[in-house]
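> coordinates only, sequence not included:
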């Protein structure tokens, strides 16, 4: 059946409809059924299923009649390092000098991996609790206070200091800022020469359960081959295990947390030493972004570009189980392919690129590689509209526009929604930090106005049919997020995907045809804190 499906798609993909470009249901349903099928084995990075997904996407773009974006190729090579911990040969033990030790169980109480991409790392490091692990001069917040972190294992909390009545806008108020993301914390620890990082996990602070953190470390982990190396050890420790670790050091975890809420906090040396070894299988291999272009029609503007993006990867096969990633992110892949199909034969003044990125689940790797080595000059790229985990429940009166207020894309979004009889959802607190967790973000870091319209894990939308029941149905995805159960169901009402695809297409065309290009609002020109030099050696 899957082979028949592919032949059918390839035979019909290039057909063009008359009239304005229209996103259609049949291609979306056919693409998602194939891309989330067991045959593609979860589209894993560095796995056979991922290679099949790339071949499929390349064939679709070729059949549709898009121009190749990478010279005469639809593929942009992205070199990765794959690092897989050999758990039976690895160990991590915490010892108190006066006696007593704690060996947390990998997978149940702790997960970790080698952030520096080396096959063998010996761990022998004192522990230092650094609160939230944040150094943010703009917020007048410094958890490090000049402490020498070199060779130490840093224990820290995820998230960030919450706003207070006196400072309601501290760290973006109820929105999670980039300082609260685990990616920032790993980067900052490496900048300071730490031997490792353990993030203390709670469901509330991480905004997802332990299984999500665990699944991210149980298989092979990936990084850009040419990226700066991070700490030898990076990982998560479950709250109960962190409590035992603090007790081993003669400390109370809740009291440490209380201290960390204040600007006056200073790092606390824990009277415990971590010893152990991380043995890893390391390989270097290529993955690919897939990209095609519909060239613009305006002689003066066709060199400028609007990008539509979506990541093709999911978690692949882990421990013999297939993680198909139907919502995350086959829903977006299928919709982006349907948008590309609708766009062929309907050029805009500016060119339009349809970009399918690799390695998003591993840290936005493909999008980051594109931003660092773009196929078109960044100065000529006017916006990125990213497709991520779209609406599989049914059509709605509204659509999410998370981060749209950071640029004048918000105004264009309102105009687009109004023309479709829709509205943009009011801005809500981004407590999960979703703005920093999808492939639009590397473009934002590069200075390109970017967002993921329609992206929501919970789906708190104003559905047109059975609003309460539909919202309850959408919330069930929280239990399937990054789980084996994220499978495609033919009973899905994909009209929601059609609607979101049409909205993003119409928004993209509005941007591509406009006389002027979207701009960041002045306060948003720096999407993330600018990198600073490492602290001087020998500080204390």
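Received it, and whenever you're ready, just let me know what you need. The structure presented is a predicted model; accordingly, all values stated were derived computationally and were not measured.
> Every contact and neighbour count from this point should use C-alpha atoms.
Fine.
> which secondary structure elements does the lengthiest helix in the chain contact?
Counting by DSSP state H, the longest helix found in the chain is helix 495-513. Judged by 3 or more C-alpha pairs under 8 Å, 6 or more residues apart in numbering; DSSP states H and E, helix 495-513 is in contact with helix 25-35, strand 305-311, helix 332-343, strand 381-386, helix 409-419.
> quick check: angle from the third one to helix 495-513?
Which is helix 332-343. Per axes from the mean of the first three to the mean of the last three C-alpha atoms, to 10 degrees, the angle that helix 332-343 makes with helix 495-513 is 50 degrees.
> Need the three-state assignment for the residue lying farthest from the centre of the chain.
Within the chain, residue 98 marks the point farthest from the mean C-alpha position, 43.2 Å out by C-alpha atoms, centre = their mean. Reducing the assignment at residue 98 to three states with DSSP: H, G, I helix; E, B strand; the rest coil gives coil.
> mind checking how far it is from residue 387?
55 Å (C-alpha to C-alpha, to the nearest Å).
> now swap in residue 402 and tell me
Going from residue 402 to residue 387 by C-alpha to C-alpha gives 12 Å.
> anything in contact with each of those two?
452-455 (C-alpha atoms under 8 Å, 6 or more residues apart in numbering).
> quick one: the strands in the stretch 51-200 of the chain?
Assigned strands in the stretch 51-200 of the chain, in chain order: 67-68, 75-85, 91-95, 101-102, 110-113, 120-129, 135-136, 141-142, 153-157, 196-201 (criterion: DSSP state E, counting those that start in this stretch).
> So which of the ones you listed is nearest residue 277?
Closest approach to residue 277 among the strands of the stretch 51-200 of the chain (C-alpha to C-alpha): strand 120-129, 4.5 Å.
> Just name whatever secondary elements the closest one is in contact with.
So strand 120-129, by 3+ C-alpha pairs under 8 Å, 6+ apart, packs with strand 153-157, strand 268-294.
> Let me have the ones you listed in a markdown table, adding mean pLDDT as columns.
As requested, the helices and strands packed on strand 120-129 are arranged in a markdown table below (pLDDT from 0 to 100):
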| stretch | mean pLDDT |
| --- | --- |
| strand 153-157 | 98 |
| strand 268-294 | 98 |
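> Highest mean neighbour count across the ones you listed, which stretch is it?
Highest mean neighbour count of the helices and strands packed on strand 120-129: strand 153-157, a mean of 26 (counted as mean count of other C-alpha atoms under 10 Å).
> Which residues outside it are in contact with it?
For strand 153-157, contacts defined as C-alpha under 8 Å, 6+ apart pick out 125-133, 189, 194-201, 274.
> Can you give me the buried ones in stretch 145-153?
Buried residues in stretch 145-153, counting neighbours by 16 or more other C-alpha atoms under 10 Å, are found at 147-153.
> Between the two ends of it, how far is it?
Distance between the two ends of stretch 145-153: 17 Å, counting by C-alpha to C-alpha.
> Mind checking the strands of the stretch 51-200 of the chain for the one nearest to residue 371?
Nearest of these (C-alpha to C-alpha): strand 75-85, 11.6 Å.
> by how many degrees do that closest one and strand 268-294 diverge?
Using the same axes, to 10 degrees: strand 75-85 against strand 268-294 is 150 degrees.
> what's strand 75-85 packed up against?
The contact analysis (3+ C-alpha pairs under 8 Å, 6+ apart) places strand 75-85 against strand 110-113, strand 221-224, strand 268-294.
> any idea of the mean pLDDT in it?
Average pLDDT, strand 75-85: 97.
> just stretch 508-517 next, same as before
97.
> Please work out which residues outside it touch it.
305-306, 308, 348-352, 382-383, 385, 412, 416, 518.
> Regarding it, how distant is the last residue from the first?
Per C-alpha to C-alpha, stretch 508-517 runs 11 Å from first to last residue.
> One more: stretch 397-405?
Using C-alpha to C-alpha, the end-to-end distance of stretch 397-405 comes to 20 Å.
> still on that earlier bit, the more surrounded of residue 402 and residue 387?
It is residue 387, of residue 402 and residue 387, that has more neighbours when counted by other C-alpha atoms under 10 Å, with 29 against 23.
> Quick check: that one touching residue 307?
No: Residue 387 is beyond contact range of residue 307, at 10.7 Å (criterion: C-alpha atoms under 8 Å).
> Need the pLDDT of residue 536.
Confidence score, pLDDT, at residue 536: 57.
> likewise residue 1?
As summarised for this prediction, residue 1 has a pLDDT of 44.
> Then residue 71?
Looking at residue 71, the pLDDT reads 96.
> mind listing what it touches?
Per C-alpha under 8 Å, 6+ apart, neighbours of residue 71: none.
> ok, it to residue 376 distance?
Taking C-alpha to C-alpha, one finds residue 71 at 11 Å from residue 376.
> for residue 355, same thing?
Noted for residue 355: a distance of 12 Å to residue 376, by C-alpha to C-alpha.
> Check residue 516 too.
19 Å.
> Show me which of these two is the more surrounded one.
Per other C-alpha under 10 Å, whichever of residue 516 and residue 376 has more neighbours is residue 376, with 16 against 9.
> for that one, what are its contacts?
Residues counted as contacts of residue 376 (C-alpha under 8 Å, 6+ apart) are residue 305.
> now, among the shared contacts of residue 402 and residue 387, which is nearest to residue 250?
Nearest to residue 250 out of these is residue 455 (C-alpha to C-alpha; 44.2 Å).
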